[in-house]
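S.K.: My questions are about this predicted structure, shown below with the sequence.
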Amino acid sequence: MSDRASISNIVKLSIPIFFANLVIPLVAIVDTGLMGNLDNGSYLTATSIATSVFSLIFWSFGFLRMGTTGMVAQAHGSKNYDEIVNLVFRNIAFVILISLLLIFFQRYIFIISLNVFELSSETTKYFKEYFELRIYSSFGELTIYIITGLFIGLQRTTVSSVVVGFFSITNILLSLLFVVYFDLDVQGVALGTLVSSSLTSIIFLCYTFFELQKFTSIKINLEKIFNLKKITKLFNINFDIFIRSAFLTFSFLFFTYLGNTISEDVVAANTILLNLIMLSAFILDAYAFSTEGIVGYSIGSKDKKLLTNVIKNSFILSATTGLLISIVYLFGKNHFISIMTDLTDIKNLSLSHSYWVVLIPFLSSFCFQFDGIFIGASQTKELRNAMIISVAIYIVCALFLAETLGNSGLWISLSIFFALRALSLFYFLPRIYQRVR
């Protein structure tokens, strides 16, 4: 068995990502804890909905990481390092354009958000305060996607983990500083994200170009960077991932929207439970991320045995870890919920639906691993189609089950969604093997 595809190597690559990813949902948990322990539930609801909106916006541009990873991994496999440099410059140009558009159209995004969610006047006030600061973190947050995607593609997961860890830890520390010391409430958590993302992107962009010089000379060749054929290929890959990511983030926004139609307390309670789901997702993504680079390398080097082994071993690791997380949540969920809020009604509501956080980590482990495999292979059309099918069925289920079973119906629908994502990608799996015949 190739050492690259061995369980020990996948674990070795995954460990730094695991610790970095562990910190990412802690940012949301800390923000939830800061808002959930204030004297007004509107703080928590406003932050929950605002972060859902920005998740939809920024995760929709997740192609900046996923597209970068797959293409860099394949270029790395074929030793084409000049193309890696050009790819980074192309994606930075994308980020600048996207950030300017988001800032320019921020008023319309804000109005649309308010039209989707029915918020009280007080919650609307806090939502506006958060929104008007967080929108300016666009460049920093999207640039971090490129940097992490690059180093995952190069199978240097320690570097990508340091980037994510630095961003997350500074985010937590600054949010604590602005909320606790400067008493900025909602504005404090938004400002923490803005400052930390800007600082992280500047520091690690400099580091990125320093490291790329070890592979090849850094030259800004506009003709090669903006090569129409390369841009078209990048656009096609990125557009598929954009559609896939937009549908994925919409599914969680839709979950929040339907929860809001029940009550604002349901939104707050579900946010606490989703924080635990996201924590498990980021842990499991460590295997998916490390797999992306190896899958891309195996396709670039036409190594079918390597591809087969990495797929098999990564699923073993992901499913086993998902089961362990489910067991931890079974015994610790009540304690975790109590940390995030002391508001009695919201706490009790969270506890009454907490059994879903026991089921979902194991169930979702399969779809997360499939995502990593298809991203590494740059099989973005299949990712897009599988997500569209899964979300369409999920929406129908959620509308019906939420009407008949309330919040429990929402959680049943979300569980169905995770299962559908895995099954639909399993159907498309043979297409990856056709690449290495």
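M.R.: Arrived safely. Numbering: from 1, shown residues only.
S.K.: Test my guess that Ile135 contacts Phe104.
M.R.: No - in this structure, Ile135 is not within contact of Phe104 by CB atoms under 8 Å, at 10.3 Å. All C-beta atoms are positioned from the backbone trio N, CA, C, and that covers glycine.
S.K.: Looking at the two, which is more packed in?
M.R.: Ile135 (21 against 9; other CB atoms under 10 Å).
S.K.: what sits against that one?
M.R.: By CB atoms under 8 Å, 6 or more residues apart in numbering, the contact set of Ile135 is Leu102, Ile103, Gln106, Ile109.
S.K.: which SS class is it?
M.R.: helix (DSSP: H, G, I helix; E, B strand; the rest coil).
S.K.: Against Ala50, how distant is it?
M.R.: Note on Ile135: its distance to Ala50, by CB to CB, to the nearest Å, is 10 Å.
S.K.: again with Lys333
M.R.: 25 Å.
S.K.: how about the most centrally placed residue in the chain, what does it touch?
M.R.: Centroid check for the chain by CA atoms, centre = their mean gives Trp59 as the closest residue, at 6.0 Å. Residues near Trp59 by CB under 8 Å, 6+ apart: Ser245, Leu248, Thr249.
S.K.: where exactly do the helices run in the stretch 51-200 of the chain?
M.R.: 63-77, 81-104, 106-116, 121-134, 138-153, 157-176, 185-212 (DSSP state H, counting those that start in this stretch).
S.K.: swap in the stretch 301-437 of the chain?
M.R.: Under DSSP H, counting those that start in this stretch, the stretch 301-437 of the chain gives helices at 304-340, 344-352, 356-376, 380-405, 407-428, 430-433.
S.K.: how distant is the fifth one from the center of its chain?
M.R.: What that stands for is helix 407-428. 17 Å (CA atoms, centre = their mean, to the nearest Å).
S.K.: For it, enumerate the helices and strands it packs against.
M.R.: helix 228-262, helix 264-300, helix 356-376, helix 380-405 (3 or more CB pairs under 8 Å, 6 or more residues apart in numbering; DSSP states H and E).
S.K.: so can I have JSON lines of the ones you listed showing mean pLDDT, distance to Arg156 and mean neighbour count?
M.R.: JSON lines is the format used below for the helices and strands packed on helix 407-428 (pLDDT from 0 to 100; distance: least, CB to CB, whole Å; neighbours: other CB atoms under 10 Å):
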{"stretch": "helix 228-262", "mean pLDDT": "82", "distance to Arg156": "22", "mean neighbour count": "19"}
{"stretch": "helix 264-300", "mean pLDDT": "85", "distance to Arg156": "9", "mean neighbour count": "26"}
{"stretch": "helix 356-376", "mean pLDDT": "92", "distance to Arg156": "15", "mean neighbour count": "24"}
{"stretch": "helix 380-405", "mean pLDDT": "94", "distance to Arg156": "23", "mean neighbour count": "18"}
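S.K.: rewinding a little: got a winner among the contacts of Ile135 for most neighbours?
M.R.: Within these, most neighbours by other CB under 10 Å means Leu102, with 19 neighbours.
S.K.: you'd agree it is up against Ser137?
M.R.: No - contact criterion CB under 8 Å: Leu102 and Ser137 do not qualify, at 10.0 Å.
S.K.: that older thread, closest one to Asn309 out of the contacts of Ile135, please.
M.R.: Leu102 (41.6 Å; CB to CB).
S.K.: Identify the residue nearest the closest one in space, chain neighbours excluded?
M.R.: The spatial neighbour of Leu102 that comes closest, neighbours along the chain excluded (CB to CB, 6 or more residues apart in numbering), is Ser138 at 4.9 Å.
S.K.: Can you get me a residue count around the one you found?
M.R.: By the measure other CB under 10 Å, the count of residues near Ser138 is 24.
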